[in-house]
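Participant: Let's see this in three dimensions:
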Amino acid sequence: MSTRDASDKADPVIENRDQLVAPMIAGEKAKSDWRIGTEHEKLVYRVKDHAAPSYDEENGIRDILLNMQQFGWEPITENGKVIALKGTDGNISLEPAGQLELSGAPLESLHETCNETGRHLEQVKKLGGEMGVGFLGLGMWPDKTREELPVMPKGRYGIMMNHMPKVGNLGLDMMLRTCTIQVNLDYSSEADMVKKFRTGLALQPLATALFANSPFTEGKPNGYLSYRSHIWSDTDPHRTGMLPFVFEDGFGYERWVDYMLDVPMYFVVRDGKYIDAAGLSFRDFLKGELSVLPGELPTQSDWWDHLSTAFPEVRLKSFLEMRGADGGPWSRICALPALWVGLLYDQSALDAAWDLVKGWTMEEREALRNAVPKEALGAKIPGGGTLQDLAKEALAIARSGLAARGRLGQSGDNETGFLSTLDEIVESGKVPAQRLLDKYHGEWNGDVSRVYKYSF
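Facilitator: Numbers count the residues shown, from 1 in each chain. Coordinates of the predicted model:
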């Protein structure tokens, strides 16, 4: 989740609707300036007992952040506690239970993205060896109850954890027990954003299936291949889901603003402190009628904060976020941006990808999204066949899109090689969760703790 690293002082007050649309318009970039931002989370555990370390304990989460400074990272603090880091490779932040996230810098090619990922993992593995902690690449804690997990000292998390049980049954699981990989991508115009948003949203179940990696809950199979994806279906209906309005005529920046104004608030930040505004209306805030700040109008930073509190399968800020994938090991982190860059960053590929899904009804999109957490590549797609069949077509399109980009690495290779992990998954029809379940029922003899040796 987002880390706030901005002052709310001397911030422009929002006085008209143009200021609400401005962040999306400001995101428009010439194709030559499009970049790739990759975010990946990992579970942190103590090697000696597999427990999740707390923030304050020796060699806990705080100490991990402090020790990362040896690699050039600079601390970001909240109320005197370091809660994130910033550096040339982006930001390192904490999810609610101490899941460690790299929000990578915006980079030009997948070669750079993968190098960035490699640098980060080398750093955390070096620290892990020194501090007795390990890092697990899964979509969800395989064995921890909510009660066994710590909560990080970030103001927004306390507010969210209090609000989540009021609007859904699994929101606390989302916060405390899950991990994801995410890709952030650019657009050139409103029309380009719309086509990418629609294509990415319709194909998000494909990413969920290919990266499905959360088959265990509290030490046993949970009946799902991506339980993390299932969790999102019962977290908060006001700020999650497949967003039918995105596929309606007239969708664009203005419609996104309307959606965000209808998303209930979580908080407002004043003087570095989080004020609980959970469930209140940003529309009231615009009228100076927010009950927790009577008479005040929102600032630009308030709007940016609010834009970070919706969690649909694709999210728009000043870029598009692809949010459907489970967390996973290093070998798969680079594959997710490869999939989406290949599909969305070449016009011919984008056209072909949209052709795959443009005839689907909203009911069919919802049915596929609901089937994928359990069935993954075996889920039926509109018109007949399975998601595995669609995946073969989508990967061929992505490969052509990456080849057309012509971004070469130091050895002269293009970006298509980053899809190889996904090729293997599609060819076999077995997603990562199914391979874990095979091990659980086979060589692991039902002992899910063996997954820690599988690790990152």
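
Participant: use CA for all of it now, contacts and neighbours both
Facilitator: Fine.

Participant: Excluding residues flanking it in the chain, which one is nearest Met164?
Facilitator: Spatial nearest neighbour of Met164, chain neighbours left out: Gly171 (5.2 Å); criterion: CA to CA, 6 or more residues apart in numbering.

Participant: quick one: secondary structure of the nearest residue in space to Gln204 that is not next to it in sequence?
Facilitator: Leaving aside its chain neighbours, Gln204 sits nearest to Gly324 (5.6 Å; criterion: CA to CA, 6+ apart). Under the three-state scheme (DSSP: H, G, I helix; E, B strand; the rest coil), Gly324 adopts strand.

Participant: which residues sit in contact with Ile14?
Facilitator: 20, 286, 297-300 (CA atoms under 8 Å, 6 or more residues apart in numbering).

Participant: What does it show for phi and psi?
Facilitator: Dihedral pair for Ile14: phi -80, psi 120, per degrees, to the nearest 10.

Participant: Could you tell me how far it is located from Asp33?
Facilitator: Distance of Ile14 to Asp33, given as CA to CA, to the nearest Å: 29 Å.

Participant: Stretch 89-102: end-to-end distance?
Facilitator: End-to-end span of stretch 89-102 (CA to CA): 8 Å.

Participant: Distance from the chain centre to that stretch, please.
Facilitator: How far stretch 89-102 lies from its chain's middle: 11 Å, per CA atoms, centre = their mean, to the nearest Å.

Participant: now what about it, what contacts it?
Facilitator: Under the criterion CA under 8 Å, 6+ apart, residues 1-3, 38-44, 52-55, 61, 83-86, 103-106, 116, 120, 149-152, 154, 157, 175-177, 179 lie in contact with stretch 89-102.

Participant: tell me which residues in stretch 237-248 are buried?
Facilitator: Residues of stretch 237-248 classed as buried by neighbour count (16 or more other CA atoms under 10 Å): 239-243, 246-247.

Participant: Would you format those as a markdown table with distance to Gln69 and pLDDT included?
Facilitator: Below are the buried residues of stretch 237-248 laid out as a markdown table (distance: CA to CA, whole Å; pLDDT from 0 to 100):
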| residue | distance to Gln69 | pLDDT |
| --- | --- | --- |
| Arg239 | 35 | 97 |
| Thr240 | 35 | 97 |
| Gly241 | 38 | 95 |
| Met242 | 39 | 97 |
| Leu243 | 40 | 98 |
| Val246 | 42 | 98 |
| Phe247 | 45 | 98 |
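
Participant: Quick one: residues contacting the residue nearest to Gln204.
Facilitator: Residues counted as contacts of Gly324 (CA under 8 Å, 6+ apart) are 180-182, 204-205, 207-208, 229, 313-314.

Participant: So which residues of the stretch 351-456 of the chain form strands?
Facilitator: Listed in chain order, the stretch 351-456 of the chain contains no strands at all (DSSP state E, counting those that start in this stretch).

Participant: Give me the below-cutoff pLDDT ranges for it.
Facilitator: Low-confidence segments of the stretch 351-456 of the chain, defined by pLDDT under 70: 455-456.

Participant: 80 instead, please
Facilitator: For the stretch 351-456 of the chain, the stretches flagged by pLDDT under 80 are 454-456.

Participant: export whichever helix in the chain runs longest as CSV, just CAs?
Facilitator: When the chain is parsed with DSSP state H, its longest helix is helix 110-131. Listed next in CSV are the C-alpha coordinates belonging to helix 110-131 (Å, rounded to 0.1, in the frame of the first residue of the first chain):
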residue,chain,number,x,y,z
LEU,A,110,12.3,-5.1,-18.7
HIS,A,111,16.0,-5.6,-18.6
GLU,A,112,16.3,-2.7,-16.3
THR,A,113,13.3,-3.8,-14.3
CYS,A,114,14.8,-7.3,-13.8
ASN,A,115,18.2,-5.9,-12.8
GLU,A,116,16.5,-3.7,-10.2
THR,A,117,14.6,-6.7,-8.8
GLY,A,118,17.9,-8.6,-8.7
ARG,A,119,19.7,-5.9,-6.8
HIS,A,120,16.9,-5.6,-4.3
LEU,A,121,16.7,-9.4,-3.6
GLU,A,122,20.5,-9.6,-3.2
GLN,A,123,20.3,-6.9,-0.6
VAL,A,124,17.5,-8.5,1.4
LYS,A,125,19.0,-11.9,1.2
LYS,A,126,22.4,-10.6,2.5
LEU,A,127,20.6,-8.9,5.4
GLY,A,128,18.5,-12.0,6.0
GLY,A,129,21.6,-14.1,6.3
GLU,A,130,23.1,-11.7,8.8
MET,A,131,19.8,-11.2,10.8
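
Participant: chain center to that helix: distance?
Facilitator: That offset, for helix 110-131, works out to 19 Å (CA atoms, centre = their mean).

Participant: Equivalent analysis for stretch 422-435, please.
Facilitator: What separates the centre of stretch 422-435 from the centre of its chain is 21 Å, taken as CA atoms, centre = their mean.

Participant: One more: stretch 236-254?
Facilitator: 18 Å.

Participant: Likewise for stretch 175-193?
Facilitator: 7 Å.

Participant: Of all the residues in it, which ones are buried?
Facilitator: Here stretch 175-193 shows 175-188, 190, 192-193 as buried, counting by 16+ other CA under 10 Å.

Participant: Asp143: what's it in contact with?
Facilitator: Residues counted as contacts of Asp143 (CA under 8 Å, 6+ apart) are 216-220, 448-449.

Participant: Out of those, who's the most crowded?
Facilitator: Phe216 (26 neighbours; other CA atoms under 10 Å).

Participant: And that one, how far from Ala202?
Facilitator: In terms of CA to CA, Phe216 sits 27 Å off from Ala202.

Participant: Using the three-state scheme, assign Met265.
Facilitator: Three-state assignment for Met265 (three-state DSSP): coil.

Participant: okay, it: pLDDT?
Facilitator: Met265 is assigned 98 on the pLDDT scale.

Participant: neighbours of it, just the number please.
Facilitator: Using other CA under 10 Å, Met265 has 22 neighbouring residues.

Participant: do Leu356 as well
Facilitator: The number of residues packed near Leu356 is 16, by other CA under 10 Å.

Participant: Against Ala394, how distant is it?
Facilitator: 8 Å.

Participant: which residues in the stretch 351-456 of the chain form helices?
Facilitator: Ranges of helices in the stretch 351-456 of the chain, per DSSP state H, counting those that start in this stretch, are 362-375, 387-405, 420-428, 432-441, 451-454.
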